[in-house]
Structures are given as C-alpha cells and as structure tokens.
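Q: with the sequence up front, the predicted model follows.
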Amino acid sequence: MIIDISDLGSIVSNIGTFAVAIFFLLIILSTAIKIVPEYRRVVLFRLGRLVGSRGPGIVFIMPFIDRAVTVDLRILTLDVPVQEVITNDNVAIKVNAVVYFRVLDPSKSVVEVENYIVATSQLAQTTLRSVVGSVELDEVLSSREKINQELQKIIDDRTDPWGIKVSAVEVKELELPEGMKRAMARQAEAERERRAKIIAAEGELQAAEKLSEAARKMEASPVTLQLRYLQTIREISGERNTTTFFPIPVDLIKPFVDKITGKEIKE
C-alpha cells in the first residue's frame, strides 16, 4: 500500500486537531464537574442570579455561565480579641471570648453578607463590650455563665438573617488592673477576718449557754460539783507531777462557809 506524502500530512494534522479538541474537552469537563464533600455546600450563581445550594456529591457546573461559591458547614471557632471595657461601676478591665458558630443556610451566608466570618467577629466584639459594660465588676466575676448566655442570645439573634447559628459563647480571660487586684485581696482578707470573729463569738456564746446550763444543774445537785472537782484533780495530775492534791469534801467546809456568809449578810 502506497501512502501519498500529502495524505500523511493531512492525517497528522487531523490527529493534532483531534488531540487539541480532546484536551480542551477534558479541561471543560474538569471545570464542569465538582465533587463536594459532606461538610460543604456549593452556592451556584447562573448569569448572576442565585440558583441555590448544591451538594454533597457530584455537582455539574456550566462553564463560563455558572459561578460557584463553596461554604463550609462545620462548626467554626472564632477567637474574639481582647477588648478594653469599662464596667457599670467604672472599673476598666480587659476581656476576651470565643464564639462557636456554624452555617445553616449557605445561600443566605453568601447573599446577605459579604464575609460572614468577619461580620460575625465584628459583631461579637461590639456585643462583648456592650454586655460587659452594662454590668458591675462583681457580676462579671460571679455570674459569668449568665453573661455567656446573654452574649450567645444577642449574637445568635443578629446573625440569624445571615443563615448562621451561634451555638455557644464563652468568656475566656478577665484581666483586672493591679490596683483593683490589691483592693480585692484586702477585701477578701477583711472578709475572712470578719467571719473568723463571728465564728469565735458564736463559740463563746454557745460555751456561755452550756456553762449556764451546767451551773443550774450543779446548783440543783451539789454532789455534781464534788464529782467535777475530783475529775479535775484527776485530769491535772500525772505520773511525773511533783504536786500532791488532797481532796477536801465540800460538806466538811460547808458549815464554815455558811457561817461566814451569814455574818456578812448580817453586817
């Protein structure tokens, strides 16, 4: 079989054209087919108009006609920078927080706001300053859970039109001025001293009540005083004690005591 040189040139030219066509076709298919993971969605705009969100799985995009914007549906962690806040009782403090949120409506998160992450961050900063500045320092220190819930509710309500759900807001750190730290330390020390004095006074009161009750019982039964006297001698005496105790019955000296008491009364 004899092949003309001119025919060979045309065959090579046709093969090159076919290869170029295949190459461009593969490029078009690679841009037209998009694989979307489970945790992402693709928001399509066809000729500038919103078509909707697509995914997960294989999504077909018309080249040069559709524009795709990928949105992550996982929970995002947003660190709110340190904010200088003046509380309601005029105390300057520094506070920061962390915000946990996710996208519920991909279409709204793209259409309603330019950058939902930046917008949520700015909103969290202003809300943190507003909420902490509206309460006193003692409430910030003692009712942090209440402040967290209030922050979460306000930010969630304002980001709802953007298709975003705020699941939690936590105040991380609270920095106080050095002067305020020293004042709080003195206050805590004074509070501990006050409680110690109150406890000691309550102990004295209870001891006085018990002693009064014991005195009334001893007055009704004088024998108990003698028994208490003997028990006291036993407690203070020991094996190495050089002091000798001689218990004297109360009945032995009672007539002398009554006699002396009677003379004093007569006088």
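A: Good, I have the coordinates. Numbers count the residues shown, from 1 in each chain.

Q: where does the protein dip in pLDDT?
A: Where the chain drops to pLDDT under 70, the residues are 1-14, 16, 222-223, 225-226, 229-230, 233-254, 256-267.

Q: swap in 90 and give it another go.
A: For the chain, applying pLDDT under 90 flags the ranges 1-35, 48, 55, 57-66, 88-92, 137-144, 172-195, 200, 203-267.

Q: how about the strands in the protein?
A: Secondary structure of the chain (DSSP state E): strands at 33-36, 40-46, 49-54, 57-60, 66-72, 76-86, 92-103, 164-175.

Q: packing partners for the last one?
A: Same thing as strand 164-175. Here strand 164-175 touches strand 92-103, helix 116-133, helix 144-159, going by 3 or more CB pairs under 8 Å, 6 or more residues apart in numbering; DSSP states H and E. Where you see a C-beta, it was placed from the backbone N, CA and C, and this is true even at glycine.

Q: circling back: turn the strands of the chain into CSV, columns for distance to residue 196 and mean neighbour count.
A: Converted to CSV, the strands of the chain look like this (distance: least, CB to CB, whole Å; neighbours: other CB atoms under 10 Å):
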stretch, distance to residue 196, mean neighbour count
strand 33-36, 67, 14
strand 40-46, 62, 19
strand 49-54, 66, 14
strand 57-60, 70, 12
strand 66-72, 57, 16
strand 76-86, 35, 14
strand 92-103, 30, 19
strand 164-175, 29, 16
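
Q: quick one: which of those is nearest residue 146?
A: Closest to residue 146 of these is strand 164-175 (CB to CB; 10.7 Å).

Q: can you give the contact residues for that closest one?
A: With contacts defined as CB atoms under 8 Å, 6 or more residues apart in numbering, strand 164-175 is touched by 75, 82, 93-104, 109, 116, 120, 124, 128, 132, 140-141, 144, 147-148, 151-152, 155-156, 159.

Q: now with 6 Å, please.
A: Under the contact criterion CB atoms under 6 Å, 6 or more residues apart in numbering, strand 164-175 has outside partners 94-104, 116, 144, 148, 151-152, 155-156.

Q: which residue ranges of the stretch 151-267 of the chain form helices?
A: Here the stretch 151-267 of the chain has its helices, by DSSP state H, counting those that start in this stretch, at 178-220, 223-236, 250-266.

Q: bridged to the residue nearest in space to the middle of the chain, which residues?
A: Taking CA atoms, centre = their mean, the centroid of the chain lies closest to residue 170, which sits 5.1 Å from it. With DSSP bridges as the criterion, residue 170 is bridged to residue 98.

Q: going forward, count from 514.
A: With the count now opening at 514, the last piece we talked about shows up as residue 683.

Q: and it, how close does it get to residue 568?
A: For residue 683, the distance to residue 568 equals 31 Å [CB to CB, to the nearest Å].

Q: could you do residue 562 as well?
A: From residue 562 to residue 568 the distance is 19 Å (CB to CB).

Q: same check, this time on residue 641
A: Taking CB to CB as the measure, residue 641 falls 34 Å from residue 568.

Q: swap in residue 685?
A: For residue 685, the distance to residue 568 - CB to CB - is 34 Å.

Q: do residue 620 as well
A: Distance of residue 620 to residue 568, computed by CB to CB: 12 Å.
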